[in-house]
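1. Need coordinates for the following:
(one chain, ligands or ions: 3)
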Amino acid sequence: MAFLRVASAAFVFLITLYVFLPIAGPAADFEEEQHLTSTKEIPKFGLGTWLSDRDKVAHAVEFALDSGYNHIDAALIYENEDETGKGIASANVSREDIWVTSKLWNEHHRPDEATKAIKKSISDLGVGYLDLYLMHWPVAFVPGKGDKLDKEITIVDTWRAMENLVRANLTRHIGISNFAKRDVQTILDICIICPYAHEFETHPYLQQQDFVDFHKEIGMKVIAYSPLANMNPTYDSGLKPVLEDPFWKDLAKKKDATVAQTVLAWGIQRGTIVIPKSVHEKYIKENQGALKIEFTEEEMSEISKQDKKVRMNDPGKSWGVKLFADLDDPTDLDEESREL
Ligand SMILES: NC(=O)c1ccc[n+]([C@@H]2O[C@H](COP(=O)([O-])OP(=O)(O)OC[C@H]3O[C@@H](n4cnc5c(N)ncnc54)[C@H](OP(=O)(O)O)[C@@H]3O)[C@@H](O)[C@H]2O)c1
Ligand SMILES: *[C@@H]1O[C@H](CO)[C@@H](O)[C@H](O)[C@H]1NC(C)=O
Ligand SMILES: *[C@@H]1O[C@H](CO)[C@@H](O)[C@H](O)[C@H]1NC(C)=O
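-> Ligands and ions are numbered 1, 2, ... in the order given. You can find the predicted model right below:
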């Protein structure tokens, strides 16, 4: 018996050695590798940067990060990643403590273009690697030809190229954005490295609860863009700003919060990741308040009745592509039948 005890102690010792040896080398090696092996998940709250003025975004990003934000949503097509990078560099945060997402633009869907594009984003953002790289739209443009559709390449080809970006250590994760159900399925059927997240439009006026639930079931994170519904000034929904919506004003009052905080808090409680954009210190701070608000089951059920199924962002028509045919897409309906 004594022999057995000694033998099993030796066994445990050897296993322990085996498990801990790989990280027992110089600390620097471990740190360099950590971003690849870390299981750190995407933070449920981040800062958006679309339409953030070039001369304001650096300050907004620095202010947000120094105020406790740890997640920045960027994209090459926003034409401000260099300024966003200045904000990241000025903030008092280490690279491994923040999450940075960027996106592959439509004209960079061909494999060599994709590699160039991610390197440009990484260099402009000054981050060394991305945490998440998204295919911005399931639509390819011919490189250098404006928005002329590229018939030479499919989203499957582009996904294969993106898988190689993970293998090249340029990004920790890859994902998709603005995909219809059938496009998600196309990628799920072929992926070797599968999408970590799907970023799409969803908010109180376009809830898409079934679609959100579908992602939850397959374990793909949902990043809710335009989480403040129709606050983006380029959206022309025909609806009054959500901040003036009597339902949301009442609920906010009850929660002793602002409407923006209340709307964002709902996005978080339903399990989506929200990325409100602002370039104003006041709003950047205010929006963080969303993390402290909780709703009862009954309140959540009341909110679900507020869906208006209004999609704000659909460039598909100008590109000649039907993007959201299998999703709530009331832009297909005539004005009368929209639930305004
Ligand atoms: N993947 C995609 O295709 C895609 C598409 C759209 C958006 N996105 C991402 O999602 C992010 C957020 O979406 P979004 O920018 O469309 O819309 P949003 O974040 O829902 O709304 C932004 C607008 O709301 C204002 N705002 C923010 N907080 C406010 C507050 N507390 N009170 C009053 N007004 C407030 C901002 O003003 P100021 O800026 O003037 O402060 C800005 O005009 C984008 O920035 C982008 O990163 C991705
Ligand atoms: C930067 O962050 C560190 C660690 O959180 C803190 O000790 C230090 O005071 C901060 N410096 C500034 C200038 O805020
Ligand atoms: C990626 O990083 C891993 C772990 O550090 C390393 O083993 C591998 O060689 C790297 N791959 C490339 C293409 O740099």
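
2. For the rest of this, base every contact and every neighbour count on C-alpha atoms.
-> Noted.

3. low pLDDT regions in the protein?
-> 1-39, 329-340 (pLDDT under 70).

4. And the residue of it that's closest to ligand 3?
-> Across the chain, the shortest distance to ligand 3 (Cα to the nearest ligand atom) belongs to residue 168, at 4.1 Å.

5. distance of the nearest residue to residue 291 once chain neighbours are set aside from residue 70?
-> Of all residues not flanking residue 291 in the chain, residue 265 sits nearest, at 6.3 Å (Cα to Cα, 6 or more residues apart in numbering). Distance, residue 265 to residue 70, by Cα to Cα, to the nearest Å: 17 Å.

6. which of those two has more neighbours?
-> residue 265 (25 against 22; other Cα atoms under 10 Å).

7. shouldn't the more buried one be in contact with residue 293?
-> Yes. Applying Cα atoms under 8 Å, one finds residue 265 in contact with residue 293, separated by 5.9 Å.

8. Show me what counts as buried in stretch 107-115.
-> 107-111, 113-115 (16 or more other Cα atoms under 10 Å).

9. List just the nearest of the residues you listed to residue 301.
-> Using Cα to Cα, residue 109 comes nearest to residue 301 of the buried residues of stretch 107-115, at 40.9 Å.

10. hang on, isn't that closest one packed against residue 153?
-> Yes. Judged on Cα under 8 Å, residue 109 makes contact with residue 153 at a distance of 7.4 Å.

11. Roughly how far does the residue of the chain closest to ligand 3 sit from residue 41?
-> With distances taken as Cα to Cα, residue 168 is found 20 Å from residue 41.

12. what do you get for residue 167?
-> Distance from residue 167 to residue 41, by Cα to Cα: 19 Å.

13. cool, and residue 162?
-> 20 Å.

14. Which one's more surrounded, these two?
-> More crowded of residue 162 and residue 41, by other Cα under 10 Å: residue 162, with 28 against 10.

15. how about that one, secondary structure?
-> Three-state call for residue 162 (DSSP: H, G, I helix; E, B strand; the rest coil): helix.

16. Disregarding flanking residues, what is the spatial nearest neighbour of it?
-> Nearest to residue 162 is residue 174, by Cα to Cα, 6+ apart, at 6.8 Å.

17. host element of that neighbour?
-> strand 171-177 (DSSP states H and E).

18. hmm, that strand in reach of ligand 3?
-> No. Shown here: strand 171-177 not in contact with ligand 3 (Cα under 6 Å from any ligand atom), separated by at least 10.2 Å.

19. That strand: what's the following helix or strand?
-> helix 181-190.

20. Alpha carbons of that following helix, as PDB, please.
-> Output of helix 181-190 as PDB, limited to C-alpha atoms (Å, rounded to 0.1, in the frame of the first residue of the first chain):
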ATOM      1  CA  LYS A 181     -29.800  33.100 -42.000                       C
ATOM      2  CA  ARG A 182     -28.900  31.300 -45.300                       C
ATOM      3  CA  ASP A 183     -25.500  33.000 -45.300                       C
ATOM      4  CA  VAL A 184     -24.800  32.000 -41.700                       C
ATOM      5  CA  GLN A 185     -25.700  28.400 -42.700                       C
ATOM      6  CA  THR A 186     -23.400  28.500 -45.700                       C
ATOM      7  CA  ILE A 187     -20.500  29.300 -43.400                       C
ATOM      8  CA  LEU A 188     -21.500  26.800 -40.700                       C
ATOM      9  CA  ASP A 189     -21.600  24.100 -43.300                       C
ATOM     10  CA  ILE A 190     -17.900  24.600 -44.400                       C
END
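
21. Sort out which residues of it are buried, please.
-> Using 16+ other Cα under 10 Å as the test for burial, helix 181-190 gives 183-184, 187.

22. Strand partners (parallel or antiparallel) of the helix or strand just after that helix?
-> Next along the chain after helix 181-190, taking DSSP H and E as the criterion, comes strand 197-201. Paired strands of strand 197-201, with direction, are strand 171-177 (parallel), strand 221-225 (parallel) (DSSP bridges).

23. Let me have these in TSV, adding mean neighbour count as columns.
-> Output for the strands paired with strand 197-201, formatted as TSV (neighbours: other Cα atoms under 10 Å):
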stretch	mean neighbour count
strand 171-177	23
strand 221-225	25
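
24. Mind checking those strands for the one nearest to ligand 1?
-> Per Cα to the nearest ligand atom, nearest to ligand 1 of those: strand 221-225, 4.0 Å.

25. sorry, back to before: contacts for the strand holding residue 174, please.
-> 35-36, 129-138, 162-163, 165-166, 193-200 (Cα atoms under 8 Å, 6 or more residues apart in numbering).

26. Please say whether there is contact between it and ligand 1.
-> Yes. Under the criterion of Cα under 6 Å from any ligand atom, ligand 1 is reached by strand 171-177 at residue 177.

27. report the angle between the axes of that strand and helix 181-190?
-> Angle, strand 171-177 to helix 181-190, by axes from the mean of the first three to the mean of the last three Cα atoms, to 10 degrees: 140 degrees.

28. mind saving the C-alpha coords of strand 171-177 as PDB?
-> C-alpha atoms of strand 171-177 as PDB (Å, rounded to 0.1, in the frame of the first residue of the first chain):
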ATOM      1  CA  THR A 171      -6.400  37.800 -35.300                       C
ATOM      2  CA  ARG A 172      -7.500  35.700 -32.400                       C
ATOM      3  CA  HIS A 173     -11.100  35.200 -33.800                       C
ATOM      4  CA  ILE A 174     -13.000  35.700 -37.000                       C
ATOM      5  CA  GLY A 175     -16.700  36.400 -37.500                       C
ATOM      6  CA  ILE A 176     -19.400  37.700 -39.700                       C
ATOM      7  CA  SER A 177     -21.600  40.700 -40.000                       C
END
